[in-house]
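> Coordinates for the following, if possible.
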Amino acid sequence: MYSKIWLSKPHFDNENFDIIKKTIVSNWVSTVGPNIASFETSIERILEHKAEVVALNSGTSAIHLALKLLEIEPGDEVLCQTFSFCATVNPILYCGATPVFIESEKETWNMCPFFLEEAIKDRLKKKRKPKAILVVDSYGMPAKWDEILAISQKYEIPVIEDAAAALGSRYKGQMCGSFGDFSILSFNGNKIITTSAGGALICREKHVKERAIYLATQSKIEGVVHGELGFNYRMSNVLAAIGLEQLTVLEKRVQQRRENHFRYQSLLEALDGFELQEEKNTDFYANFWLNCIRIDTSLISKSIILNAFSNYNIDVRSLWCPLHHQPYLKGTLYYGDHFSQRLYDTGLCLPSSSNLTSEEFHRIAQVFTTLLK
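Purely as a prediction, here's the structure:
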């Protein structure tokens with residue numbers, strides 16, 4: 001039996017975990033402690049001091065807090081990228097608001113500026129001005145931020161950037177996670193660096209950060225007095241200690257993921273029937289958290305490929321199913337040309353761990369060459 005090759009597994013290498021031992025010994029093992037502020041400051045430094053960071057227990061919590069800080073309420077509409085994981089849209093529903101789904105464009109697979117503006121114009125005609133735009137840097141590929149932000153400014157609609165998978169990616173030299181009025185990161189176990197579970201909310205002003213921390217700590221004023229409905233969303237001091245060590249190897253992890261991409265590039269350019277997602281020009285610098293392909297299904301079916309990788313115990317998964325086609329979201333508003341459905345029908349994510357070995361890559365390559373024979 002082959003050993004498992006995972007899609008994206010945690011990577012701990014030569015980090016110094018003395019800080020974690022000291023944290024346990026110090027008894028700072030709750031959602032308070034010195035590591036949390038240090039972790040936030042370290043992320044702010046990585047984002048080149050363009051942001052204020054709040055460490056939280058998940059990226060989903062970060063999106064929810066961003067929506068609450070924008071005062072999204074029942075009856076409000078939020079424009080949301082349809083090509084994404086369900087955690088992007090679920091916080092909209094937590095707020096009682098209505099998602100309006102926007103299709104992706106063909107170069108980055110992220111929110112299409114044309115359909116975004118078409119949706120805004122149509123909602124305005126119906127006297128339903130959207131309250132926010134929720135854009136994803138899918139699989140670590142930056143969105144077309146110049147165009148999206150121009151539309152945001154034109155119609156005065158704030159942007160939330162879901163950069164859950166894009167830490168270390170850049171658009172025109174600027175770090176992903178620093179484009180939205182609010183941005184979010186994830187440190188889940190499968191992300192480019194991990195705290196096992198966790199995320200961060202990124203905002204632009206100190207007083208907004210303070211408000212976010214207040215809401216994330218049950219809106220506590222003092223003692224057992226709470227000013228309003230709050231949430232238990234703060235990151236643990238223990239997880240922040242893990243994060244501090246993981247941040248020291250972030251650039252190394254980005255380079256390792258990009259090296260995976262170049263290996264796939266060399267492999268697939270010699271094979272007919274597969275198109276690898278690429279940076280279309282020098283504006284885009286992706287961390288290639290996951291390497292993704294589209295299949296020419298006239299040559300080979302997606303199901304045959306999935307079965308072949310499964311037989312070799314290799315974790316390969318479909319690209320996202322469009323959110324507006326999810327069973328619990330059917331019938332929601334949608335603007336687009338169904339490109340994300342074609343991505344789902346023909347697309348796969350390939351193993352992309354930063355500790356993917358040469359032997360593992362060789363087994364992956366064997367599957368491709370065997371399939372085409």
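
> ranges for the strands of the stretch 1-150 of the chain?
52-56, 77-81, 98-102, 132-136 (DSSP state E, counting those that start in this stretch).

> what angle sits between the third one and strand 132-136?
Relative orientation of strand 98-102 with respect to strand 132-136: 50 degrees, computed using axes from the mean of the first three to the mean of the last three C-alpha atoms, to 10 degrees.

> Strand 98-102 vs strand 77-81, what angle?
40 degrees.

> residues making contact with strand 98-102?
For strand 98-102, the external contacting residues (C-beta atoms under 8 Å, 6 or more residues apart in numbering) are 75-82, 89, 92-93, 111-112, 115-116, 119, 123, 130, 322-324, 329, 332-336. Where you see a C-beta, it was placed from the backbone N, CA and C, and this is true even at glycine.

> Any of those buried? List them.
Buried members of the contacts of strand 98-102, scored by 16 or more other C-beta atoms under 10 Å, are 76-82, 89, 92, 111-112, 115-116, 119, 123, 130, 322-324, 329, 332-336.

> ok, Asp315 - contacts?
Taking C-beta under 8 Å, 6+ apart as the criterion, Asp315 is in contact with Lys4, Ile5, Trp6, Leu7, Phe309, Pro351.

> Closest to Gly199 out of the residues you listed?
Closest to Gly199 out of those is Leu7 (19.5 Å), distances taken as C-beta to C-beta.

> Of the contacts of strand 98-102, which belong to helices?
Assignment to helices by DSSP state H places the following of these there: Val89, Ile92, Leu93, Phe115, Leu116, Ala119, Arg123.

> okay, these in TSV with distance to Gly177 next?
Putting the ones in helices among the contacts of strand 98-102 into TSV (distance: C-beta to C-beta, whole Å) gives the following:
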residue	distance to Gly177
Val89	20
Ile92	20
Leu93	24
Phe115	24
Leu116	20
Ala119	25
Arg123	28
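
> Just the buried residues from the contacts of Asp315, in ChimeraX please.
This is how ChimeraX selects the buried members of these, with burial counted by 16+ other C-beta under 10 Å:
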select :5,7,309,351
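
> For the residue nearest to the spatial centre of the chain, which non-adjacent residue is spatially closest?
For the chain, the residue nearest the mean C-alpha position is Ala164 (2.6 Å; C-alpha atoms, centre = their mean). Nearest non-adjacent residue to Ala164, counting by C-beta to C-beta, 6 or more residues apart in numbering: Ser186, 3.7 Å away.

> Isn't that neighbour up against Gly140?
No - using C-beta atoms under 8 Å, Ser186 is not in contact with Gly140; the gap is 11.4 Å.

> which neighbours do the two share?
What both Ser186 and Gly140 touch, as defined by C-beta under 8 Å, 6+ apart, is the set Ala165.

> Now the residue nearest to Ala164, what are its backbone angles?
Ser186 has phi and psi values of phi -120, psi 140 when expressed as degrees, to the nearest 10.

> Quick one: residues contacting it.
So Ser186 contacts Ser58, Gly59, Ala62, Ala164, Ala165, Gly198, Gly199 (C-beta under 8 Å, 6+ apart).

> I'd say the third one and Leu201 touch.
What it means is Ala62. Yes - taking C-beta under 8 Å as the definition, Ala62 is a contact partner of Leu201 at 4.1 Å.

> which residues are common contacts for those two?
Each of Val54, Leu56, Ile184 lies in contact with both Ala62 and Leu201 under the rule C-beta under 8 Å, 6+ apart.

> Specify the local secondary structure of the last one.
Three states are possible here, and by DSSP: H, G, I helix; E, B strand; the rest coil the one that applies to Ile184 is strand.

> just checking, next helix/strand downstream of the longest helix seen in the chain?
Longest helix in the chain by number of residues, with DSSP H as the criterion: helix 250-268. Going down the chain from helix 250-268, the next helix or strand is strand 274-276, by DSSP states H and E.

> which ones are touching the closest residue to Lys302 other than its chain neighbours?
Closest residue to Lys302 apart from its sequence neighbours, by C-beta to C-beta, 6+ apart: Ile295 at 5.7 Å. Residues in contact with Ile295 (C-beta under 8 Å, 6+ apart) are Gly273, Phe274, Glu275, Lys302, Ile305, Thr346, Gly347, Leu348.

> Count the residues that sit near the last one.
As a burial measure, the neighbour count of Leu348 was computed by other C-beta atoms under 10 Å and equals 19.

> And for the third one?
When counting by other C-beta under 10 Å, one arrives at 13 neighbours for Glu275.

> ok, so what distance separates the residue nearest to Ala365 when sequence neighbours are not counted from Ile148?
Distance criterion C-beta to C-beta, 6+ apart; nearest residue to Ala365, sequence neighbours excluded, is Leu267 at 5.4 Å. For Leu267, the distance to Ile148 (C-beta to C-beta, to the nearest Å) stands at 33 Å.
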